[in-house]
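Student: structure for the following, please:
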Amino acid sequence: MKVRELVLPSIKDPIKKSPGFHKKELADFKLDIMGKCAMSCSYCSTAATTPMRVNREKWADEAERQLGERLLPSAPNLTYRWSDFEERLDAQLATKPKGYTAAVVGLFGEGKTMVFSQLTDAFSPWAVAEGLTRRTLDKVLDRTSFRVRVLTKSAVVGSPAWVDFFRAHPGRFVVGLSIGTLDDNWARKVEIGTSS
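Tutor: Model (predicted):
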């Protein structure tokens with residue numbers, strides 16, 4: 001099934017505090033590079049978040065305008081792409097001290113962990129293919145001191161190029177690849193866009 005893409009404006013500051021992950025001692029901040037990924041896991045909680053509930057009807061109207069079909073956030077194979085995400089991230093990072101070195105004090109994220117894709121999968125095929133995932137991680141590495149926790153259901157993180165990328169930045173990444181099942185037939189029904 002083809003991915004349907006709805007283009008919406010980004011949130012003002014893409015890097016936000018993450019109270020939920022902080023309580024679990026998994027991360028202090030979060031960064032989602034899109035509003036909704038196209039992995040279409042049937043158990044995904046993103047469609048139930050406050051921004052999705054508050055904007056549900058408005059975004060369904062926008063889906064009808066852009067895609068010719070009234071689609072709610074829970075629709076499978078639907079991604080919410082932020083039209084100005086990179087500009088918003090650049091603007092937010094421009095207000096922070098530059099560079100990452102252990103000797104510099106007060107860098108944005110120093111001593112903190114940021115989860116990369118708390119509600120969405122930044123390794124969604126379109127984001128990786130278009131370079132959005134890599135450009136975003138490069139900016140985070142260059143402009144912050146965060147330790148980055150990557151959470152994904154995409155096996156692309158195990159490819160030689162990505163393994164080399166993570167290894168080139170020792171101490172900066174924790175990478176988690178999750179699978180819901182070893183049964184590929186079940187996964188194709190429940191985790192539609194994920195890797196087998």
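
Student: look up how far Leu78 lies from Arg88.
Tutor: 22 Å (CB to CB, to the nearest Å). From N, CA and C alone the C-beta is placed, and that goes for glycine too.

Student: looking at these two, which one has more neighbours?
Tutor: Leu78 (22 against 18; other CB atoms under 10 Å).

Student: what's the closest non-adjacent residue to that one?
Tutor: Nearest non-adjacent residue to Leu78, counting by CB to CB, 6 or more residues apart in numbering: Arg4, 5.0 Å away.

Student: pairing partners for the helix or strand hosting Val148, with directions?
Tutor: Assessed by DSSP states H and E, Val148 sits inside strand 147-152. According to DSSP bridges, strand 147-152 forms sheet pairs with strand 113-116 (parallel), strand 173-177 (parallel).

Student: tell me which residues of stretch 138-158 are tucked away?
Tutor: 139-141, 143-154, 156-157 (16 or more other CB atoms under 10 Å).

Student: what's the neighbour count on the residue nearest to Leu78?
Tutor: What Arg4 shows, counting by other CB under 10 Å, is a neighbour count of 17.

Student: for the biggest helix by length in the chain, the averaged confidence score.
Tutor: Across the chain, the longest stretch assigned as helix under DSSP state H is helix 50-67. For helix 50-67, the per-residue pLDDT values average out at 86.

Student: outside of the very next helix or strand once past that helix, which residues touch it?
Tutor: Going down the chain from helix 50-67, the next helix or strand is strand 78-82, by DSSP H and E. Here strand 78-82 makes contact (CB atoms under 8 Å, 6 or more residues apart in numbering) with 3-11, 33-38, 40, 59, 63, 71, 73, 88, 124, 126.

Student: following element in sequence after strand 78-82, please.
Tutor: Scanning forward in sequence from strand 78-82 by DSSP H and E, the next helix or strand is helix 85-94.

Student: now that next one against strand 78-82, angle please.
Tutor: Put simply, helix 85-94 runs at 50 degrees to strand 78-82, going by axes from the mean of the first three to the mean of the last three CA atoms, to 10 degrees.

Student: what helices and strands are in contact with helix 85-94?
Tutor: Judged by 3 or more CB pairs under 8 Å, 6 or more residues apart in numbering; DSSP states H and E, helix 85-94 is in contact with helix 132-143.

Student: centre of the chain to the helix it packs on, how far?
Tutor: Its chain's average C-alpha position is 12 Å from that of helix 132-143, according to CA atoms, centre = their mean, to the nearest Å.

Student: contacts for that helix, please.
Tutor: Here helix 132-143 has contacts from 31, 33, 85-86, 89-90, 93, 96, 98-100, 108, 114, 116, 122-123, 127-128, 146, 148, 165, 169, 172, using CB under 8 Å, 6+ apart.
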